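Chemist: Sequence first, then the predicted structure:
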Amino acid sequence: MHQGFHAMQLGSAGAPLRRVERAMPTPADGEIRIAVTACGVCRTDLHIADGDIGDRLPIIPGHEIVGRVDALGPGVTRFGLGDRVGVPWLGRSCDTCPYCAAGHENLCDAPEFTGFTRDGGFASHVVADARFCLAIPAAFDDVHAAPLLCAGLIGYRAYRMAGGTKRLGLYGFGAAAHILAQIAIADGADVFAFTRAGDAAGQDFARRLGCTWAGASNEAPPAALDAAILFAPVGALVPEALRRVRKGGRVICAGIHMSDIPSFPYADLWEERSIHSVANLTRADGAAFLEAAARRGVQTHVTALPLAEANHALDRLRAGGVEGALVLIPEGAEAVARGNP
Ligand SMILES: [Zn+2]
Ligand SMILES: [Zn+2]
């Protein structure tokens, strides 16, 4: 019998996460309870912890969750006990608003977001709406699958928005870019990686993954870009990237939060250049991306840390220089998470 579960919880913005123990939740209609084996750490978790976004507190962050179903709520037929599932950022949509009705559930008027408006995966257990959970391809163990669930997925939505690009710029070469670069290169694109100035290790990592060029974010790439995707939460990069794309080129802002965008001359936008933001994901995005990641042989680069070190993980992300993605593993879940149950 489960007595309770534990989690790393945010009590107030700007304060460290604290370990909490709570009664084991019972899944409601249509929900499943999941024993978490791995949960990725996303920049959005950092924005939540730092109070840049959100005000639903206390909250258990974490929205790149992989685990095993350990209890079924009434009416759930999609998954069975013991099944491996992934839980992404979109925890639930309303199904009735104009956006949901048009197939744009990522823009739902009354959404729930995992680890933001409902408790997430920095925990031993989490409850999720089964309809919004994703099956994980067998090619990935839990630890390596976790970063796919936001970094990969949101990156892929941004990539599809960029639209068939041959020369793609990625600003900020962290968890999302290192996954998307592999997909774009497999598609035959030349990828140009932009990092903080002086981040030689990050630029080297990008080249090792097959990027055509890597440099500082204020440098000019050797050729004009068809599109640029911004993962770094730095508004000044918007006009910077705009100057690097060709006529008709797109600049896609893939983060949930960004510092203010400085003004820039209209000439930089002229000639049908455009700026877009990417918000959330749809279930269809999730299924399409996971299939694409497995088919193209994406390999995520992951540093795993115990769940108890969640604050350290956030500090490392804030400091920059993480190669690939950080993933938290609850106590006792290591063997299953590594694919050696
Ligand atoms: Zn809706
Ligand atoms: Zn995320």
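Modeler: Looks like it came in fine. Numbering: from 1, shown residues only. Ligands and ions are numbered 1, 2, ... in the order given.
Chemist: alpha carbons only for contacts and neighbour counts from here, please
Modeler: OK.
Chemist: Next up, the contacts around residue 273.
Modeler: When the contact criterion is C-alpha atoms under 8 Å, 6 or more residues apart in numbering, the partners of residue 273 are 242, 245-251.
Chemist: Which pLDDT value belongs to it?
Modeler: According to the per-residue confidence, residue 273 scores 98 in pLDDT.
Chemist: quick one, phi/psi of it?
Modeler: Backbone dihedrals for residue 273, given as degrees, to the nearest 10, come out at phi -70, psi 160.
Chemist: How is the chain partitioned into domains?
Modeler: Domain assignment for the chain, taken from automatic domain parsing, gives 4-149+281-337, 152-277.
Chemist: Can you name the residues of the protein that neighbour ligand 2?
Modeler: Counting by C-alpha under 5 Å from the ion, the residues of the chain close to ligand 2 are 42, 150.
Chemist: What ranges does the chain have for its helices?
Modeler: Counting by DSSP state H, the chain has these helices, from start to end: 43-50, 98-101, 142-145, 151-162, 175-186, 200-208, 237-242, 283-295, 310-319, 334-337.
Chemist: Including mean neighbour count, distance to residue 11 and mean pLDDT, could those helices go into TSV?
Modeler: Shown next, in TSV, are the helices of the chain (neighbours: other C-alpha atoms under 10 Å; distance: least, C-alpha to C-alpha, whole Å; pLDDT from 0 to 100):
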stretch	mean neighbour count	distance to residue 11	mean pLDDT
helix 43-50	22	9	95
helix 98-101	15	32	98
helix 142-145	28	27	98
helix 151-162	23	25	96
helix 175-186	24	26	97
helix 200-208	18	33	96
helix 237-242	22	32	98
helix 283-295	17	30	96
helix 310-319	17	13	96
helix 334-337	18	27	91
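Chemist: quick revisit: ChimeraX command for the buried members of the contacts of residue 273?
Modeler: Restricted to buried positions by 16 or more other C-alpha atoms under 10 Å, the ChimeraX selection for those reads:
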select :242,245,246,247,249,250,251
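Chemist: I'd like to know which residues of the stretch 1-150 of the chain are adjacent to ligand 1.
Modeler: With C-alpha under 5 Å from the ion as the criterion, the stretch 1-150 of the chain meets ligand 1 at residues 94-95, 97, 100, 108-109.
Chemist: Quick check: the farthest pair among the contacts of residue 273?
Modeler: Checked with C-alpha to C-alpha, these reach their widest spread between 247 and 251, with 11.5 Å between them.
Chemist: Now do residue 129 against ligand 1, distance only.
Modeler: 15 Å (C-alpha to the ion, to the nearest Å).
Chemist: same question, residue 269
Modeler: Computed as C-alpha to the ion, the residue 269 to ligand 1 distance reads 33 Å.
Chemist: Surely that residue is in contact with residue 242?
Modeler: Yes - the pair residue 269 and residue 242 passes the contact test of C-alpha atoms under 8 Å, sitting 6.9 Å apart.
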